[in-house]
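A.B. asks: Sharing a sequence plus its predicted fold:
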Amino acid sequence: MLEGLNRALDHLEERLDREVDVAGAARIAATSEYHFRRLFSALAGMPLSVYVRRRRMTLAGAEVLAGERTLLDVAVSYGYGSGEAFARAFRSVHGIGPGEARRTGAALVSQPRMSFRVVVEGSSSMEYRIVEKEAFRIAGRKARIPLVHEGVNAAGAAHVESVGVDAIVRMKELSDREPAGVLSAVEHLSDSREEGTEVDYWIGVATGPGTPAGDLDVLDVPAGTWAVFAGRGPYPSALQELWRDVFTQWFPSNPYTSRPGPELLRTTPVEIGQDTDSELWIPVERAGQAVGA
């Protein structure tokens with residue numbers, strides 16, 4: 001898969017001076033556009049759209065400083081319909097407008113071309129199983145919080161604290177299928193996994209589709225395939241490492257791609273710094289299904 005990802009990046013690189021063909025790049029990588037964007041974000045640490053903009057502005061910056069063409073010509077050659085739109089994109093990357101950069105010969109930011117390769121660290125293996133799951137409903141409490149890659153997520157912890165005992169009791173009464181008991185769920189609102197990106201964060205239980213949930217929030221999840229990963233270690237660092245390893249190691253070396261849907265997590269017990277047993281559920285599909293969709 002990594003070879004396909006690198007060919008896809010070459011495809012995008014050749015088209016920085018026109019509309020970006022992400023769907024075409026995903027086909028080259030033999031995956032869905034959804035998974036291509038998610039996997040790139042996890043591997044690169046930035047959304048694909050940000051990388052493309054930075055690469056464009058790296059090349060455009062060199063032309064701006066060279067002074068051989070007008071700023072409008074440079075803007076048009078990189079797909080911007082107006083000098084104002086080009087100036088906004090230029091400033092978002094370089095922190096300075098193109099006109100001022102040309103006049104002062106300012107130092108600009110450079111985004112190198114990316115390529116992906118496998119780095120083997122240690123000899124640890126990942127324990128997982130594939131589950132075909134019928135449609136179900138998550139019933140619980142939802143909040144919108146920022147994504148945090150390392151350490152305690154203060155907003156997430158505050159949401160957990162805000163869920164009252166009565167609500168937890170009602171949730172446990174509704175729990176009747178895997179993953180059993182009270183769990184958390186993350187629903188990504190964009191293809192970005194960048195630090196600070198907002199996600200919908202649920203504390204709830206899995207129950208039957210259409211189950212009355214009273215005043216609890218509900219999320220209906222369609223039937224599909226799930227990859228279930230088991231882990232153990234100090235909370236939350238071991239869990240965050242497991243989440244990272246799924247996207248940076250497991251997906252590139254297995255015939256599955258991610259698909260839209262909430263990512264589910266069951267942990268017992270949940271105590272900061274204490275070892276906890278975790279079960280992470282990621283919605284997936286066979287790679288061939290994604291290409292034919």
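C.D. replies: Right, received. Where do you want to start? A quick note: this is a predicted structure, and the numbers were derived from the prediction, not measured.
A.B. asks: where does the stretch 51-200 of the chain have low pLDDT?
C.D. replies: For the stretch 51-200 of the chain, applying pLDDT under 70 flags the ranges 118-125.
A.B. asks: quick one: the helices in it?
C.D. replies: In the stretch 51-200 of the chain, the helices defined using DSSP state H, counting those that start in this stretch lie at 71-77, 83-94, 98-104, 154-162, 165-174.
A.B. asks: list the buried ones in the fourth one?
C.D. replies: Taking 16 or more other C-beta atoms under 10 Å as the basis for neighbour counts, the residues of helix 154-162 that come out buried are Gly156, His159. Glycine gets a C-beta too; all of them are placed from N, C-alpha and C.
A.B. asks: Quick one: list the elements packing against it.
C.D. replies: Counting contacts by 3 or more C-beta pairs under 8 Å, 6 or more residues apart in numbering; DSSP states H and E, helix 154-162 packs against strand 136-146, strand 198-207.
A.B. asks: Reformat those into a markdown table and put mean neighbour count and distance to Asp215 next to each item.
C.D. replies: Shown next, in a markdown table, are the helices and strands packed on helix 154-162 (neighbours: other C-beta atoms under 10 Å; distance: least, C-beta to C-beta, whole Å):
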| stretch | mean neighbour count | distance to Asp215 |
| --- | --- | --- |
| strand 136-146 | 20 | 10 |
| strand 198-207 | 22 | 13 |
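A.B. asks: Would you convert those into TSV that also reports distance to Gly233?
C.D. replies: Formatted as TSV, these follow (distance: least, C-beta to C-beta, whole Å):
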stretch	distance to Gly233
strand 136-146	23
strand 198-207	21
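A.B. asks: Out of the ones you listed, the one nearest Val74 is which?
C.D. replies: Ranking these by distance to Val74, with C-beta to C-beta as the measure, places strand 198-207 first at 34.0 Å.
A.B. asks: For that closest one, which strands pair with it and how are they oriented?
C.D. replies: Here strand 198-207 has these sheet partners by DSSP bridges: strand 136-146 (antiparallel), strand 183-188 (antiparallel).
A.B. asks: need these in TSV with distance to Tyr128, can you?
C.D. replies: Formatted as TSV, the strands paired with strand 198-207 follow (distance: least, C-beta to C-beta, whole Å):
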stretch	distance to Tyr128
strand 136-146	20
strand 183-188	17
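A.B. asks: quick one: which of the ones you listed is nearest Gly208?
C.D. replies: strand 136-146 (6.5 Å).
A.B. asks: Cys151: neighbouring residues, count only.
C.D. replies: Let me fix one detail, which is that residue 151 is Gly and not Cys. 10 (other C-beta atoms under 10 Å).
A.B. asks: can you pull the contacts of the residue positioned nearest the centre of the chain?
C.D. replies: Central residue of the chain (C-alpha atoms, centre = their mean): Arg193, 3.4 Å from the mean position. Arg193 makes contacts with Arg38, Ser41, Ala42, Leu147, Phe247, as judged by C-beta atoms under 8 Å, 6 or more residues apart in numbering.
A.B. asks: Next, work out how far apart the third one and Phe36 are.
C.D. replies: In this case it means Ala42. 11 Å (C-beta to C-beta, to the nearest Å).
A.B. asks: So for these two, which residue has more residues nearby?
C.D. replies: Higher neighbour count among Ala42 and Phe36: Phe36, with 26 against 18, using other C-beta under 10 Å.
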